[in-house]
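Chemist: predicted structure and sequence below. I'll ask about it afterward.
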Amino acid sequence: MTDVPKRLLLGRALRSDRLAETLLPKRLALPVFASDPLSSVAYAPGEVLLVLSVAGASAYSFSPWIAVAVVVLMFTVVASYRQNVRAYPSGGGDYEVATTNLGRRAGLTVASALLVDYVLTVAVSIASGVENLGSAIPFVVEHKTFCAVTVIVLLTLMNLRGVRESGKLFAVPTYCFVAGVFGLLAWGVVRGVILGDEMRAPTADYEIHTEQSGLGAFALAFLLLRAFSSGCAALTGVEAISNGVPAFRKPKSKNAATTLALMGVLAVTMFCGIIALALATKVRMAENPAKDLLIDGHPAGAGYTQNPVISQVAAAVFGDGTLPFVYLAAATALVLFLAANTAYNGFPLLGSILAQDRYLPRQLHTRGDRLTFSNGIVLLAGAAVILVVVYGADSTRLIQLYIVGVFVSFTLSQIGMVRHWNRLLGTETDSARRHRMHRSRAINTFGAFFTGLVLVVVLVTKFSHGAWVSLVGMALFYAVMTAIRRHYDGVSEELAAEDPTEAKLRPSRVHSFVLVSKIHKPTLRALRYAKLLRADTLEAVTVNMDQDETEQLRREWEESGIDIPLTILDSPYREISRPVIDYVKRLRQEQPRDVVSVFIPEYVVGHWYEHLLHNQSALRLKGRLLFTPGVMVTSVPYQLESSELAKKRARRREQWNAPGSVRRGPVIQPRKSQKDGGKGGKGGKGPGNGSGPAGSLTRQRGK
């Protein structure tokens, strides 16, 4: 029922061997992974001016110095991440750097911060884009939460179609926005420097009211630091490229480093250019425009709408309502929507790595039909929808939660890189290499200091305004990932095969095959049980969904000495059910009168939430095999410790009933059943005596 709509929305499934075709060249990787930092120039300059307006319009004179500080920080971070992608090209990014050099806890802290920041990137970008669009379309303002959720759903569907497809789709508006901003800067220079025209923003004649006539040295320094931290919103999304290195074409590290450099140059040029034009055109912004922005000496009032800095600069340079002005406004609104795409690529990749390390459910490591980490995409969309609904798609409230996580990851990552260089310097003897390492360490040290300072300022200035929510979210992610790892470790320890040669039992005479994924206790139990049924032929069957894992299983199988042949079924579309069904049908076609017996080992958990951490592939496969003629399906359960404890707790509460007890009636007491020879006592063959084969089985379970 879901196959046809799925194909219509997402397209046909792709084979695993076509993964290389989905890799991105630099021209597509730039809009896919850098749309967030590139689009931040639409609001980051305004954030700087808003903070400085607390001290009045005269404080705008500090904005060029703040821009210089942001540029220095941007190039420092870009230079640092260029080294990250070369030293750690696997896609782990900040998480891998912190885990390798600072330990597991630091790595989990970085991962928690990045996951929170990716969710906020989607929520903030979509909310901001909806508000910009709502200034022209009243319906969007009246239903902005609904519109924001709709945009998230559309972005999710586009990303589920594949990274390359979404890259092609997002490349045009991103490059249109970059071209529009550079056209704005170029025409502004021509008019202001060459032609000598006077350009004035719509708010040039407005005044800013401030109750603070003068600021002390400490207060002014604090204000400048706060403005600097607000301008650092331009750095959000820089880390996504280091997490997305596996999505680049070869040479992956070189292409990722080149894309980082190009992104940094474009972002800082546009950021500085807009601030320079804002000063030249005398743009006026206020944190509370209704009260602090004065028009002809009177407050603007509640009905006043404060346009973004980029919009006011475009009105001054191009002219309000002109075709270039409309073009840039449309490109800005669209690119703000697409800025969320940075998170749609960073979150699933990071989630896949965390799942591989057993910190998140293993389903996040599985690629979908279009070779994307579709489960991670859907999880990100769900979390972003919850935030948008809770905060009513209000970007002003959401942005207070922003940039905390990204600077946590920046700081810990660069501290980790400093330790990385220290470790290499301890063994390196080549003088040229040592010189490069010293330079790299200096860059990372400088970056760690700067980002740590910004992190402190952000926490101090934004904590009471909503930054605490981000910290709570990071703590929750940390606790959940720790609990998931603890669960997987416990299951692995419990299932570890102590002696694989236990499978060498009596010869078989009953035809069957056992599905295996690895050598552990459930597999060995299923093999022993299959042998006891005296099969005509017996083999073990595994589905090749990951070449490395399959090769490892094959080696372990040969080394263990299990005297049962292992058959490997290829699965180019990463499915389990279809290759097994096709294999069964092929066996039936070769021997139509034979019955195929399929043994499926599975382990039983005792808590509802544990089901979310394990694939339900056995259940799906059994459902498919039940409709295949001539096939007998046998589940070989292995009860984990949690299921046994759950059953004991239920028995102590006297609420546990065996399967079939509702049909059978009251459970017969063991002593009475034995005394009466299993006839069920005085009731004879009534509904509660458990007579017949099924009744005997349920009575034994009831005991």
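Modeler: Okay, I see it. Since this is a predicted model, take the numbers as computed values, not measurements. Numbers count the residues shown, from 1 in each chain.

Chemist: from here on, contacts and neighbour counts on C-alpha atoms
Modeler: Noted.

Chemist: all strands of this structure, in order?
Modeler: Listed in chain order, the strands of the chain (DSSP state E) span 207-208, 293-295, 298-299, 512-515, 538-544, 566-570, 596-604, 631-639.

Chemist: can you redo those strands as TSV with mean pLDDT and distance to A42?
Modeler: Listed next are the strands of the chain as TSV, based on pLDDT from 0 to 100; distance: least, C-alpha to C-alpha, whole Å:
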stretch	mean pLDDT	distance to A42
strand 207-208	81	22
strand 293-295	80	21
strand 298-299	79	26
strand 512-515	88	55
strand 538-544	90	47
strand 566-570	90	49
strand 596-604	85	53
strand 631-639	85	57
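
Chemist: can you check which of those gets nearest to Y81?
Modeler: Nearest to Y81, of all these, is strand 538-544, at 35.3 Å by C-alpha to C-alpha.

Chemist: return the angle between stretch directions for that closest one and strand 566-570.
Modeler: Computed by axes from the mean of the first three to the mean of the last three C-alpha atoms, to 10 degrees, the angle separating strand 538-544 from strand 566-570 equals 30 degrees.

Chemist: just checking: what are the partner strands of strand 538-544?
Modeler: Note on strand 538-544: by DSSP bridges, its sheet partners are strand 512-515 (parallel), strand 566-570 (parallel).

Chemist: most packed of these?
Modeler: A comparison of the strands paired with strand 538-544 by mean neighbour count, using mean count of other C-alpha atoms under 10 Å, puts strand 512-515 on top with a mean of 24.

Chemist: how far is it from where the chain is centred?
Modeler: A distance of 36 Å separates the centroid of the chain from that of strand 512-515, by C-alpha atoms, centre = their mean, to the nearest Å.

Chemist: also stretch 434-442?
Modeler: With C-alpha atoms, centre = their mean, you get 33 Å for stretch 434-442.

Chemist: which parts of it are buried?
Modeler: R434, M437, H438, S440, R441 (16 or more other C-alpha atoms under 10 Å).

Chemist: that older thread, what's the closest of the strands of the chain to H465?
Modeler: Closest among the strands of the chain, using C-alpha to C-alpha: strand 293-295, at 22.3 Å.

Chemist: what's around the nearest residue to L621 once chain neighbours are set aside, how many residues?
Modeler: What sits nearest to L621 in space, not counting adjacent residues and going by C-alpha to C-alpha, 6 or more residues apart in numbering, is S577, at 5.3 Å. For S577, the neighbour count with other C-alpha atoms under 10 Å is 18.

Chemist: helices and strands of the protein: which one bottoms out on pLDDT?
Modeler: Scoring the helices and strands of the chain by mean pLDDT, DSSP states H and E places helix 692-702 at the bottom, with a mean of 36.

Chemist: residue ranges with poor pLDDT in the stretch 351-500 of the chain?
Modeler: 368-372, 396, 400, 497-500 (pLDDT under 70).

Chemist: redo that, cut-off 80
Modeler: Of all residues in the stretch 351-500 of the chain, those with pLDDT under 80 make up the ranges 363-374, 394-403, 450, 454, 457-458, 461-467, 494-500.

Chemist: quick one: the helices in it?
Modeler: 374-390, 395-398, 404-425, 431-462, 468-495 (DSSP state H, counting those that start in this stretch).

Chemist: which one of those lies nearest to V605?
Modeler: helix 468-495 (9.7 Å).

Chemist: chain center to the closest one: distance?
Modeler: 16 Å.

Chemist: may I see the buried residues of that helix?
Modeler: 468-471, 473-475, 477-478, 481-482, 484-485, 487-488, 491, 495.

Chemist: cool, stretch 269-278 as well?
Modeler: In stretch 269-278, counting by 16+ other C-alpha under 10 Å, buried: T269, M270, F271, C272, G273, I274, I275, A276, L277, A278.

Chemist: dump those residues to JSON lines, plus pLDDT and distance to P45.
Modeler: Formatted as JSON lines, those follow (pLDDT from 0 to 100; distance: C-alpha to C-alpha, whole Å):
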{"residue": "T269", "pLDDT": "91", "distance to P45": "12"}
{"residue": "M270", "pLDDT": "91", "distance to P45": "10"}
{"residue": "F271", "pLDDT": "90", "distance to P45": "7"}
{"residue": "C272", "pLDDT": "90", "distance to P45": "8"}
{"residue": "G273", "pLDDT": "92", "distance to P45": "10"}
{"residue": "I274", "pLDDT": "92", "distance to P45": "7"}
{"residue": "I275", "pLDDT": "91", "distance to P45": "6"}
{"residue": "A276", "pLDDT": "91", "distance to P45": "10"}
{"residue": "L277", "pLDDT": "92", "distance to P45": "11"}
{"residue": "A278", "pLDDT": "90", "distance to P45": "9"}
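
Chemist: quick one on the thing from earlier: out of the helices of the stretch 351-500 of the chain, nearest to D117?
Modeler: Per C-alpha to C-alpha, nearest to D117 of the helices of the stretch 351-500 of the chain: helix 404-425, 5.3 Å.

Chemist: for that closest one, the distance to its chain's centre please.
Modeler: That offset, for helix 404-425, works out to 21 Å (C-alpha atoms, centre = their mean).

Chemist: now stretch 353-360
Modeler: Counting by C-alpha atoms, centre = their mean, stretch 353-360 comes out at 12 Å from the chain centroid.

Chemist: what does that stretch contact?
Modeler: Contact with stretch 353-360 is made by 91-92, 351, 361-365, 481-482, 484-485, 488, 613, as judged by C-alpha atoms under 8 Å, 6 or more residues apart in numbering.

Chemist: just the ones of the buried residues of stretch 269-278 in helices?
Modeler: Within the buried residues of stretch 269-278, residues falling in helices by DSSP state H are T269, M270, F271, C272, G273, I274, I275, A276, L277, A278.

Chemist: for those, work out which two are farthest apart.
Modeler: Of all the pairs that these form, the one spanning the most space (C-alpha to C-alpha) is T269 and A278, at 14.1 Å.

Chemist: highest mean neighbour count out of the strands of the chain?
Modeler: It is strand 512-515: most buried of those by mean count of other C-alpha under 10 Å, with a mean of 24.

Chemist: okay, it in CSV with CA atoms only?
Modeler: Presented in CSV, the C-alpha positions along strand 512-515 are these (Å, rounded to 0.1, in the frame of the first residue of the first chain):
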residue,chain,number,x,y,z
SER,A,512,16.4,-26.3,6.4
PHE,A,513,18.4,-23.1,6.5
VAL,A,514,19.1,-20.7,9.4
LEU,A,515,19.3,-17.0,9.0
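
Chemist: residue ranges with poor pLDDT in the stretch 501-650 of the chain?
Modeler: By pLDDT under 80, the low-scoring segments of the stretch 501-650 of the chain are 501-511, 534-535, 573-574, 591-593, 603, 605-620, 623, 627-630, 641-650.

Chemist: okay, domains of the chain per the record?
Modeler: With domains defined by automatic domain parsing, the chain comprises 19-486, 500-656.

Chemist: centre of the chain to the shortest one, how far?
Modeler: Mean-position distance between domain 500-656 and its chain equals 31 Å (C-alpha atoms, centre = their mean).

Chemist: want to try a markdown table for the buried residues of stretch 434-442, with distance to S413 as columns?
Modeler: Below are the buried residues of stretch 434-442 laid out as a markdown table (distance: C-alpha to C-alpha, whole Å):
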| residue | distance to S413 |
| --- | --- |
| R434 | 21 |
| M437 | 16 |
| H438 | 17 |
| S440 | 14 |
| R441 | 12 |
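
Chemist: just these now: which is nearest D197?
Modeler: S440 (45.7 Å).

Chemist: need the contact list for that closest one.
Modeler: S80, Q83, W421.

Chemist: mind checking how far it is from F177?
Modeler: 34 Å (C-alpha to C-alpha, to the nearest Å).

Chemist: next one: L566
Modeler: Taking C-alpha to C-alpha, one finds L566 at 56 Å from F177.
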